[in-house]
Every structure is written in C-alpha cells, then in structure tokens.
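S.K.: Fold the following and give me the result.
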Amino acid sequence: MNNFIKFSTDIIAANSSKRELTGVIVPFGQVGHTNMGDVVFQQGSLKIGEGIKLFTEHDMTRPIGKLSRYEEDDKGIVGTFKIARTNAGDDALAEAQEGLRTGFSVGAMIDDYVTKGEQVIVNEATLKEVSHVTFPAFGEYAQITEVAASADASQPTTESEETIVSNEVTPEVIEEVAAEVAAPAVEAQERNSRPAIFTAPRSPIVSKGSYLEHNIRAALGNEDSRQYVMAADTTGNNAAFIPTPQSTEVINGISNADRGFIDAISRATLPASGMSFEIPKITTAPTVAEAAEAAALSETDTASSFVSVAVKKFGGQQTLSVELLDRSSPVFFDELVRQMEFAYAKATDAYVMGEVANAGTLNATATTEDKTGLLEYVASAAAAVYSASLGFARNVVVSPQQWGKIMGYNEAGRPIYTASQPSNAGGAVSPQSLRGQIAGLDMYVSRSMTGTGGTGLGDYSMVVLNPDSYTWYESPRLSLRTAVINTGQIDVNYYGFGALATKIAAGANWFNKS
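M.R.: Numbering: from 1, shown residues only. Modelled structure (predicted):
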C-alpha cells in the first residue's frame, strides 16, 4: 500500500444522547498538513464505498464502529459513525467527550493528483478507513462536529445531555472560512497517477517546543506523545532531535555497592510499621544449685527487659535537568539508579560501623601492630567476645589499609596469609577478594573503617565480633520520581529504612594498642 495517505480532523462538540461520532471527514479546498506534505482535496475528489470501519489509532485489530451515513456538499464531507457497545467503544466516546482523543484520521488511496509549488492537489481518491486519533491535520477547517453517547440508546434525547466543547466549528463556520480562504487554482506543474508513496499521520512535533511538550506528556503517561517522541528520535526528517550516540560503558572509580561491615553481622527483615520496635532480652537468668535432701531449692526469678531499636531513614535525591532528561542515552537512567544504590550502601555501612564502634569494647591486650600483634589481638579478642556474649567470635572486619598490611606479613620472606599452597597457613587473604580468613576467623574488608588514632594505622582499624550480637534490619529500597513544574525538571528520590539492634554490646572487640 505505497500509494496510501492519511490525514486527520478534530472533535469539537459532544452530546450524550446517542452512541455516535459525527464530524467533517474532509474539507474541500483547505490545506491539510500531512507527512506527504501540504495536501488539498478538490470538491468531489473523495469516493466513499460501503462498509467503512472506524478504528483506534489506525490499529486494524481495534475496530470501534462503522460509517452509518455521510453528507457531501461543496465545502466538504460530514460523516457519522455508529459506535459499538464494547469497552473500546465506551472508551472512545468518553475520550472524545473529555477532550482526550479528539480527532478522525482518514486513510485514502490517491488515484490522481497534481502538484502546485509545495502543495499536493488531490483530484481523485478512494476512502479506505477512518480512525479515532488525537491530533488533526486540517486544523480548524475540518473537524468532528458532534459526539453523541448514552448507555441506553432507547433513552430520549434531552437538552441537558448536550455538552459543547470550546472553539466549535460547524458546517456554517466551515462555509464562512472557506469564503475567506479560497481553494488554490489547479494549474498543474506536474500530473501523476497513483503515486508510489505511503505516509503516516503527521507528527505534531515540528519544533523544539513541541518536542519538549510531548516529551513531558509522555513522562506523564500519554501513550500518543510517547510514540511521537520515539518517531522524532529515530527519523532522519528530525535530525535535530537525534541524541548524540553514547557508549553504554560507564566509567566509575569512586563508588560501589560493597558493605563489608553489614555483611559481617547478622541480618533480618525490618518490621512493616513503626519508627521503632522492641526486642525482649533476659537480664536475670534462673539458677540451679546443689540441694541437700529435704532442703529448699535454689530460687532466682527470671527477669527481662526490652532492647529498643530506632528505625532510621537513609535517602538521597537527584534533580535531572531538561538536557539530561531529553538528550541523554537511556543508559544514563540505569546508571543513575545504580549510583544512588552505591551511595545508599556507603551511608548504611558507615552508620552501622559507627554504632558498633560506640557500643563495643576496646581490646586491652594488643601491644604491637605487626604479625605478632595481630595474632595476640585475635586470640584475646575472641576470648573476650565469648566471655561477654557466650557466643563465638566468627568474623573479623578490617580497614582497607589493614587488609593491605596483613597481605604483606611474612616469615623470612615467605608470605603468611597470601601463600598459594601453605604448609602451616595462618589464614588466607587475597588481593582479589574482600573476603578471607585470619587465624580461624572469616575476614571482611570495610571501607567504612580507617582507624582513628595511635601510630601506624591506629586503633579501630580492626574488630573481632560475634555476628549474632548485632543485627541489621532493613526494608527494600524505593525509588520515587516527581516533576518540578516550574522548571520542567524531574526529581528522583532513592531511599530506604534500616535499624541496628545492639543485642550484646561487648560482642564486638575493637583493636586498641595499649
């Protein structure tokens, strides 16, 4: 069908008494702006056959009605379509009445035409189909003049059911306008028969302003605008709107999603409501003692209290400019969310590390910051954690600086923790992994830890802990996007909720040289 042309008209009036759409299918002698160019239909040029169907947006799988009658005079053709009693038909009537989908788009086969300047003068064409669409081609000169609908066609028409849409254009108005805008004389510069051309409905995007308008409408959910923007971004006829190609590779050397400290403690799901919650905790345990015959038994009543856990909110915001919104590669939006996730990971890991540092105890045994001091610290810290929590120390968390130093520990030049096949290994630490083992403990590296005092790397650069002594409760992360109306920008909020429960404070033993 490469000799097919489409053009569209507007809905301008509504009446709720019938299930009909009525309007000017095509005006004679008026200019319609289509992708084929400026088109003018001569009087009597459009032939209408039987069984003309009404579709939605030229989708031949979505018929909503049929042409029931039409009238032709020297000003144009007015058609009336009977709308089917289907959900799609109800939607079409409602959209027309509410001014949401306000046009007819006519598909016709051109049989004979001539050109004059930049205009195509159609002398003979055959109507093939009509669709209910959003945007017009002939503007105010060729418009649908009535929308009639009711749930029950048997109900009588009442004056109160009529709704008039602003800027009504009736056949009388068409006649008046036609008198002012005369049809161009047909002085052919070139005559053709059945041109080999297929055109789609003219896109309303004709300038940067209209491009921005429909981009915003698309962001608010308008499917028609989304299609127009996609067409503008891909067609060679709109080269000014094609984004500069961007590589899908994104360079990032400043952030990642590692959460070494949180990974080293226990995890749980945050309760669904409330900004705090409580966990029962035994404060006095019952006792059992040796008892003589007929003597009273040992009696110690169990006592308990509650650990109150505060829920914290962690979030960040990005405000996107119009340039980023309209001109960036789609990979930008994926990377934006990924970067906000990285920032969320950094903030939550630092919060947990700080809370455990405030609650834990300092080691009183470590004397040096070397391979000997490391073993002294791990041994004494593990014993202290068990004594305080009656649970085993299973993990050790180190700063990136301590991680590097531990990898350098050696005995007579032979590495202690990085040997590939050690005969008497003290553990396993790899420069290609943030996980390892040190003296029987699972090692985690956390960038939240840097050390706060002393010589060398300083205190607080390592911690041995029982992971059950601290639990991190966390909700799913959420992303919220809102429009900044006065600037046309978009705010993207990324946030989540978390809570750290300090169940046994002494379950963490921090490195501290005496």
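S.K.: what are the ranges of the strands in the stretch 301-450 of the chain?
M.R.: Applying DSSP state E, counting those that start in this stretch to the stretch 301-450 of the chain gives strands spanning 303-310, 312-320, 361-362, 395-398, 410-411, 414-415, 427-428, 435-438, 441-445.
S.K.: Rebuild the ones you listed as a markdown table, extending it with mean neighbour count and mean pLDDT.
M.R.: Using the backbone N, CA and C atoms, a C-beta is placed for each residue, glycine as well. What follows is the strands of the stretch 301-450 of the chain, written out as a markdown table (neighbours: other CB atoms under 10 Å; pLDDT from 0 to 100):
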| stretch | mean neighbour count | mean pLDDT |
| --- | --- | --- |
| strand 303-310 | 12 | 91 |
| strand 312-320 | 14 | 88 |
| strand 361-362 | 15 | 90 |
| strand 395-398 | 26 | 94 |
| strand 410-411 | 12 | 86 |
| strand 414-415 | 13 | 83 |
| strand 427-428 | 18 | 74 |
| strand 435-438 | 19 | 87 |
| strand 441-445 | 22 | 93 |
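S.K.: And these: which comes nearest L127?
M.R.: strand 312-320 (45.8 Å; CB to CB).
S.K.: The closest one pairs with which strands, parallel or anti?
M.R.: strand 489-502 (antiparallel) (DSSP bridges).
S.K.: Show me where the stretch 51-200 of the chain has its helices.
M.R.: Along the stretch 51-200 of the chain, the segments classed as helices by DSSP state H, counting those that start in this stretch run 87-97, 171-180.
S.K.: Ok, which of the strands of the stretch 301-450 of the chain comes nearest P467?
M.R.: Here strand 395-398 is closest among the strands of the stretch 301-450 of the chain (CB to CB), at 5.6 Å.
S.K.: Give me the packing partners of the closest one, helices and strands only.
M.R.: strand 441-445, strand 462-465 (3 or more CB pairs under 8 Å, 6 or more residues apart in numbering; DSSP states H and E).
S.K.: swap the cut-off to 10 Å and go again
M.R.: helix 260-263, helix 371-389, helix 400-407, strand 435-438, strand 441-445, strand 462-465, strand 508-510 (3 or more CB pairs under 10 Å, 6 or more residues apart in numbering; DSSP states H and E).
S.K.: circling back to that earlier point, among the helices of the stretch 51-200 of the chain, show the one with the smallest mean pLDDT.
M.R.: For the helices of the stretch 51-200 of the chain, the bottom mean pLDDT is recorded on helix 171-180, which sits at a mean of 40.
S.K.: any idea how this structure splits into domains?
M.R.: 3-200, 203-242, 248-285+302-418+427-514 (automatic domain parsing).
S.K.: Nearest approach to A294 belongs to which of those domains?
M.R.: domain 248-285+302-418+427-514 (25.4 Å).
S.K.: Please give me every residue in contact with S475.
M.R.: Contact analysis of S475 by CB atoms under 10 Å, 6 or more residues apart in numbering lists 269-272, 311, 313, 495-499.
S.K.: try L374
M.R.: Per CB under 10 Å, 6+ apart, neighbours of L374: 366, 368, 396, 398, 402, 405-406, 409, 416-417, 426-427, 438-439, 462, 511.
S.K.: Not counting its neighbours along the chain, what's nearest P476?
M.R.: Nearest residue to P476, sequence neighbours excluded (CB to CB, 6 or more residues apart in numbering): G496, at 6.8 Å.
S.K.: Is the one you found in contact with L270, as I believe?
M.R.: Yes. The criterion here is CB atoms under 10 Å, and G496 meets it with L270 at 8.9 Å.
S.K.: Residues that sit against both of these two, list them.
M.R.: Shared contacts of G496 and L270, counting by CB under 10 Å, 6+ apart, come down to 474-476.
S.K.: what would the residues you listed look like in TSV with distance to N222?
M.R.: Below are the shared contacts of G496 and L270 laid out as TSV (distance: CB to CB, whole Å):
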residue	distance to N222
E474	37
S475	33
P476	30
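S.K.: Quick check: pLDDT value at the residue nearest to N410 when sequence neighbours are not counted.
M.R.: With CB to CB, 6+ apart as the criterion, N410 has its nearest non-adjacent residue at 6.0 Å, and that residue is I416. I416 is assigned a pLDDT of 85 by the prediction.
S.K.: for the one 4 residues further on, same thing?
M.R.: Reading off the per-residue confidence, S420 sits at a pLDDT of 55.
S.K.: same check, this time on F198
M.R.: 35.
S.K.: So what's the residue count around K371?
M.R.: By the criterion of other CB atoms under 10 Å, K371 has 17 neighbours.
S.K.: got the contact list for it?
M.R.: By CB under 10 Å, 6+ apart, the contact list for K371 reads 405-406, 408-411, 416-417, 426.
S.K.: could these be laid out in a markdown table, adding distance to I251?
M.R.: Shown next, in a markdown table, are the contacts of K371 (distance: CB to CB, whole Å):
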| residue | distance to I251 |
| --- | --- |
| K405 | 29 |
| I406 | 30 |
| G408 | 30 |
| Y409 | 34 |
| N410 | 35 |
| E411 | 40 |
| I416 | 36 |
| Y417 | 32 |
| G426 | 38 |
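S.K.: between these, which is nearest E71?
M.R.: So of these, ranked by how close each gets to E71 (CB to CB), first place is I406, at 91.5 Å.
S.K.: how close does that closest one get to A285?
M.R.: 39 Å (CB to CB, to the nearest Å).
S.K.: just N87 next, same as before
M.R.: 68 Å.
S.K.: what sits against I438?
M.R.: So I438 contacts 374-375, 377-378, 395-396, 398, 402-403, 406, 409, 416-417, 426-429, 462, 464 (CB under 10 Å, 6+ apart).
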